[in-house]
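Student: can you look at this prediction? I've put the sequence above it.
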There are 2 protein chains.
Amino acid sequence: MIERTDGELLYLDDIQVGQKFGSDSYTVDEAQIKAFAGQFDPQPFHLDEQAARDSLFGGLAASGWHTAAITMRLIVTGDTRFAGGVIGAGGEISWPRPTRPGDVLSVESEVLQVSSSRSRPDRGIVTVRNKTLNQTGEVVQIMTGKLVVFRRPSTGGEYMPPVSVHTGH
Amino acid sequence: MIERTDGELLYLDDIQVGQKFGSDSYTVDEAQIKAFAGQFDPQPFHLDEQAARDSLFGGLAASGWHTAAITMRLIVTGDTRFAGGVIGAGGEISWPRPTRPGDVLSVESEVLQVSSSRSRPDRGIVTVRNKTLNQTGEVVQIMTGKLVVFRRPSTGGEYMPPVSVHTGH
């Protein structure tokens, strides 16, 4: 089940293993796929239908980095409302199948681990597995990321201002 | 040392552990950082100098996914000239430090492992570590990716056409 947090900001103290976060959806069209690829991944199977049909992908496919970027948008505009923002130190990524033109993507995130920082008591690392699904529920990406998350500030402590997400383009 | 392959296409048969590939360079400016973030990672520290100064980043920082996308462009337009294209199944990514406005990025890639596919004799998996460096040689990203690479086609075998990279925007 996806818990919607309805706008409240989450600190490290609020996060538990097993907690889940949902997202809105994002429709990917052919023009977006070609524009992203032209800028960042200019390979024929991301730019041209005919070339894509003759490739491993068997048809036009979004760059995996485009799927990753859309996933990030869905996470930061979704229910993963960490007070300091969604700040990734790194992680693992895989693309079990490509994103196609017309796909409607959404992200299901689940907390796998919560660790306190020994050297910096104001923060910790939260490991989150983010599954990006298309409109039929097929997984197009799994990204397991380590995120820096701050503790709720105590009175007199150093204060990290909450982050609000800009949703405009 | 970076070996430049000067346009020849590489098949699985041509790739050995320890082989290195270089790239051109890519200058990242503030407008690009804000445009990418506005579209895919709309958090204040990627969009606004003042908010960024007050954040963990201490100044405007590119989204890690922007660094990843630029890295992919540098790889596919650089010396990693695999005959079927640069097709990633997944990998590990980390961002030791952020990309900043004005940074000039380049990528150094090294082959870590070459495996044949047991089920599909026409291809294999090549593990490549791609380090993205800024103009002072600091590492802004390490991406270790598993790439699908095709064998040189034998006479009468199934043919995977070579891929040429489009460098236009």
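Tutor: Alright, I've got the coordinates.
Student: from now on I want contacts and neighbour counts done on CA atoms only, so please keep to that.
Tutor: Will do.
Student: can you check which helix is longest in chain A?
Tutor: Identified as the longest helix of chain A according to DSSP state H is helix A:64-76.
Student: following element in sequence after that helix, please.
Tutor: strand A:87-94 (DSSP states H and E).
Student: ok, and what's touching the very next helix or strand once past that next one?
Tutor: The element immediately downstream of strand A:87-94 (helix or strand, assigned by DSSP H and E) is strand A:104-116. Residues outside strand A:104-116 that contact it (C-alpha atoms under 8 Å, 6 or more residues apart in numbering or on different chains) are A:2, A:12, A:15-28, A:71, A:74-75, A:80, A:123-135.
Student: could you check the angle the longest helix of chain A makes with strand B:87-94?
Tutor: Helix A:64-76 runs at 50 degrees relative to strand B:87-94, counting by axes from the mean of the first three to the mean of the last three C-alpha atoms, to 10 degrees.
Student: which other residues reach helix A:64-76?
Tutor: With C-alpha under 8 Å, 6+ apart as the test, helix A:64-76 has contacts from A:23-26, A:33, A:36-37, A:85-86, A:95, A:98-99, A:106-107, A:132, A:140-141, A:165, B:39-43, B:65-66, B:68-69, B:72, B:88.
Student: so what's the gap between it and the chain middle?
Tutor: Offset of helix A:64-76 from its chain centre (C-alpha atoms, centre = their mean, to the nearest Å): 5 Å.
Student: where does the closest residue to residue A:53 other than its chain neighbours sit, in terms of helix or strand?
Tutor: Nearest residue to residue A:53 in three dimensions, chain neighbours excluded: residue A:59, at 4.3 Å (C-alpha to C-alpha, 6 or more residues apart in numbering or on different chains). Per DSSP H and E: residue A:59 is located in neither a helix nor a strand.
Student: pretty sure residue A:59 is touching residue A:52, no?
Tutor: Yes. Shown here, residue A:59 and residue A:52 form a contact pair, counting by C-alpha atoms under 8 Å, at 4.5 Å.
Student: the contacts of strand A:104-116 in strands, which ones?
Tutor: Among the contacts of strand A:104-116, the ones falling in strands (DSSP state E) are A:20-21, A:25-27, A:123-133.
Student: just the mean pLDDT for the longest helix of chain A, thanks.
Tutor: Mean pLDDT, helix A:64-76: 98.
Student: likewise for stretch A:153-169?
Tutor: Average pLDDT, stretch A:153-169: 59.
Student: related to what we said a few turns ago, which one of the ones in strands among the contacts of strand A:104-116 has the most neighbours?
Tutor: Highest neighbour count within these, by other C-alpha atoms under 10 Å in any protein chain shown: residue A:132, with 27 neighbours.
Student: what residues does that residue make contact with?
Tutor: Shown in contact with residue A:132 (C-alpha under 8 Å, 6+ apart): A:71, A:105, A:106, A:107, A:108, A:139, A:140, A:141, A:142.
Student: what's the burial count for residue A:102?
Tutor: 13.
Student: okay, it and residue A:127: tell me how far apart.
Tutor: Applying C-alpha to C-alpha, to the nearest Å, the value for residue A:102 to residue A:127 is 31 Å.
Student: equivalent analysis for residue A:51, please.
Tutor: Counting by C-alpha to C-alpha, the gap from residue A:51 to residue A:127 is 38 Å.
Student: any idea of the pLDDT on the residue nearest to residue A:53?
Tutor: pLDDT recorded at residue A:59 is 96.
Student: okay, the angle between the longest helix of chain A and strand A:104-116?
Tutor: Relative orientation of helix A:64-76 and strand A:104-116, computed by the same axes, to 10 degrees: 70 degrees.
Student: list the buried residues in helix A:64-76.
Tutor: By neighbour count on 16 or more other C-alpha atoms under 10 Å in any protein chain shown, the buried set for helix A:64-76 is A:64-76.
Student: tell me the one of these nearest chain B?
Tutor: Ranked by distance to chain B (C-alpha to the nearest C-alpha), the buried residues of helix A:64-76 are led by residue A:73 at 4.6 Å.
Student: so what's the residue count around residue A:12?
Tutor: By other C-alpha under 10 Å, the burial measure for residue A:12, its neighbour count, is 22.
Student: and it, what does it touch?
Tutor: So residue A:12 contacts A:114, A:123, A:124, A:126, A:149, A:150, A:151, A:152 (C-alpha under 8 Å, 6+ apart).
Student: can you tell me how far it is from residue A:89?
Tutor: In terms of C-alpha to C-alpha, residue A:12 sits 16 Å off from residue A:89.
Student: residue A:90 is in contact with residue B:98, isn't it?
Tutor: No. Residue A:90 is beyond contact range of residue B:98, at 11.7 Å (criterion: C-alpha under 8 Å).
Student: so what sits against both of those two?
Tutor: Shared contacts of residue A:90 and residue B:98, counting by C-alpha under 8 Å, 6+ apart, come down to nothing at all.
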